[in-house]
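# Structure of the sequence below:
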Amino acid sequence: MARAIIRVISKGLGIVRANGALKAFRHKAGGWAAGRNVTVEGRAIRTHVPETYLMTNAKTVAAFRHLLDTRDFDYILRTNSSTYVDLHGLRDFVQNIPDRGYYGGAVWKAQGLEFITGSTILLSRDLVEYAATDPEWEFDLIDDMALGGSMLRAGARPQSVERADVLTSGDLARLDSGSLTSTFLVRCKGEENREHDIAAMLRVHELYESSK
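You can find the predicted model right below:
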């Protein structure tokens, strides 16, 4: 029995060591990727970070550092291609929020951490600076969770920003201009297919344009 217990403990320690080694490798690889040269092609920022799920973390850090070095800005909205952003509404929104310590978007909670989901993260410049230079940044996590941890260390709490979701054909059928009056963010990543996503994005754009 004692030998069996020792084998179980040894196996457990081996898993811990393996997981620790993987975490260390991901952290080192992420730090390396975030430090690669960034180039600009037209309006696109090319970080040259490998296209993988976890490497969105390094892409975010690389983009933050590039923008801090090259642009004068007050806020950054980190979003993705499946979220529609009404720029007029965004400009109006930032007129009424703090210019320091602001971390806002759609709030989520996982693994005991409250953070802003990666589809829509609005940050004031001081927090972009903090994240880009955070010595405890966790490159082994997906970027929105890593940013949430960094913001916790910075003392910034996530602020909820209203977002409309058009996830199904039923959502799309019910969508009208009244659905969008209180938000400048619309999540169009559906639960069905790419055709839905495209139709949702076009319909949202049409509604915002017709209301101006």
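# Give me the average confidence score over the host helix or strand of Leu172.
For Leu172, the element it lies in under DSSP states H and E is helix 169-174. The pLDDT scores in helix 169-174 average 90.
# Could you give the separation of that helix from the chain centroid?
26 Å (Cα atoms, centre = their mean, to the nearest Å).
# Same question for stretch 123-139.
That offset, for stretch 123-139, works out to 13 Å (Cα atoms, centre = their mean).
# How about residues contacting it?
Counting by Cβ atoms under 8 Å, 6 or more residues apart in numbering, stretch 123-139 makes contact with 26-31, 34, 57-58, 61, 64-65, 67-68, 73-78, 97-103, 145-147, 149-151, 153-154, 156, all of which sit outside it. The C-beta positions use only the backbone N, C-alpha and C, and glycine is treated the same way.
# Identify those among those that sit within strands.
Tyr75, Ile76, Leu77, Arg78, Tyr103 (DSSP state E).
# and the second one, how many neighbours?
Using other Cβ atoms under 10 Å, Ile76 is surrounded by 19 other residues.
# List the residues that contact it.
Counted by Cβ under 8 Å, 6+ apart, Ile76 has contacts Phe64, Leu67, Leu122, Leu123, Arg125, Val128.
# I'd like to know which elements the helix holding Leu172 is packed against.
Contact partners of helix 169-174 among helices and strands, from 3 or more Cβ pairs under 8 Å, 6 or more residues apart in numbering; DSSP states H and E: helix 194-210.
# what's the helix it packs on in contact with?
Outside helix 194-210, the residues within contact range by Cβ under 8 Å, 6+ apart are 82, 84, 86, 88-89, 166, 168-169, 171-172, 175-177, 179-180, 186, 188-190.
# quick one on the thing from earlier: out of the contacts of Ile76, the closest to Thr39 would be?
Leu67 (13.5 Å; Cβ to Cβ).
# thought the closest one was touching Tyr75?
No: using Cβ atoms under 8 Å, Leu67 makes no contact with Tyr75, being 11.0 Å away.
# hang on, the earlier thing: so of the contacts of helix 194-210, which ones are in strands?
Per DSSP E, strands hold the following members of the contacts of helix 194-210: Tyr84, Val186.
# Can you select the buried ones from the contacts of helix 194-210 in ChimeraX?
Here is the ChimeraX command that picks out the buried ones among those, judged by 16 or more other Cβ atoms under 10 Å:
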select :84,86,89,166,169,171,172,175,180,186,188,189,190
